[in-house]
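In: quick one: sequence plus predicted model below, questions after.
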Amino acid sequence: MSDWIDSFYADVDAQLTERVLDRFTPDGELVFGSNPPAIGHPAMREVLENLRAALSGMRHEWCNRWTVDEKTLVLETRVHYTTRGGTEVILPSVSVIDRDASGLITSLRIHIDAAPLFGALDAESVTAQPEPAASHEAAGRPAGARVERRPDPVERGGIHCPNK
């Protein structure tokens, strides 16, 4: 099973949406954090494409893998997300993967607190907004000038993998 899962996550990390979807049953489900389940390829494609649009990259760092039975695998990882603005957010995650008899994924449930990632994305979207002309003029800048603000650092401490 490890060769299969390594290959699958290589496609996930490369953000190859169609190759990832090829690993799921047509009615498979993808649950990311506290979001509602995305059921079926069209719904999962939307989730994956939205993530791809927001990120310049991601990488899963393995901590632990447990094979529950022939169809169920539990993975503990640190996920390194890189936003389009260059912020790296590292989050701990546990995923549960169920597969059918043919080996296709029927369910991928990603247990993660994605708030730090969404916070970094929100901070970057704020920095991309031009300030109103009145505030530029008051600061002695030409109207329409863009002011770059750096997002606050995202807390990344305390994330570790045992036995590493």
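Out: Alright, I've got the coordinates.
In: would you map the helices across the chain?
Out: Shown for the chain, the helices assigned by DSSP state H span residues 2-13, 17-21, 41-54, 115-127, 133-138.
In: between the ones you listed, which one is closest to Gly103.
Out: helix 2-13 (7.0 Å; C-beta to C-beta). Every residue, glycine included, has its C-beta placed from N, CA and C.
In: what angle sits between that closest one and helix 41-54?
Out: 60 degrees (axes from the mean of the first three to the mean of the last three C-alpha atoms, to 10 degrees).
In: and helix 2-13, how far out from the chain middle?
Out: Centroid displacement of helix 2-13 relative to its chain, using C-alpha atoms, centre = their mean, to the nearest Å, is 15 Å.
In: buried residues, that helix. List them.
Out: Using 16 or more other C-beta atoms under 10 Å as the test for burial, helix 2-13 gives 5, 8-9, 11-12.
In: do stretch 89-104 as well
Out: By neighbour count on 16+ other C-beta under 10 Å, the buried set for stretch 89-104 is 89-93, 95-99.
In: mean confidence for that stretch?
Out: Averaging pLDDT along stretch 89-104 gives 97.
In: hmm, who's touching that stretch?
Out: With contacts defined as C-beta atoms under 8 Å, 6 or more residues apart in numbering, stretch 89-104 is touched by 4-5, 23-25, 28, 63, 71-83, 105-114, 116-117, 120, 154, 156, 159.
In: buried subset of those residues as a PyMOL selection?
Out: Those of the contacts of stretch 89-104 that count as buried under 16+ other C-beta under 10 Å are selected in PyMOL with:
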select buried, resi 5+23+24+25+28+63+73+75+76+77+78+79+80+81+82+83+105+107+108+109+110+112+114+116+117+120+154
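In: okay, and which of the contacts of stretch 89-104 map to strands?
Out: In this view, these that belong to strands under DSSP state E are 24-25, 28, 63, 72-83, 105-112.
In: if we can go back for a sec, turn the buried residues of helix 2-13 into TSV, including pLDDT.
Out: TSV is the format used below for the buried residues of helix 2-13 (pLDDT from 0 to 100):
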residue	pLDDT
Ile5	93
Phe8	97
Tyr9	97
Asp11	97
Val12	97
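In: can you lay out the helices of the chain as JSON lines showing distance to Thr67?
Out: Below are the helices of the chain laid out as JSON lines (distance: least, C-beta to C-beta, whole Å):
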{"stretch": "helix 2-13", "distance to Thr67": "9"}
{"stretch": "helix 17-21", "distance to Thr67": "21"}
{"stretch": "helix 41-54", "distance to Thr67": "24"}
{"stretch": "helix 115-127", "distance to Thr67": "28"}
{"stretch": "helix 133-138", "distance to Thr67": "58"}
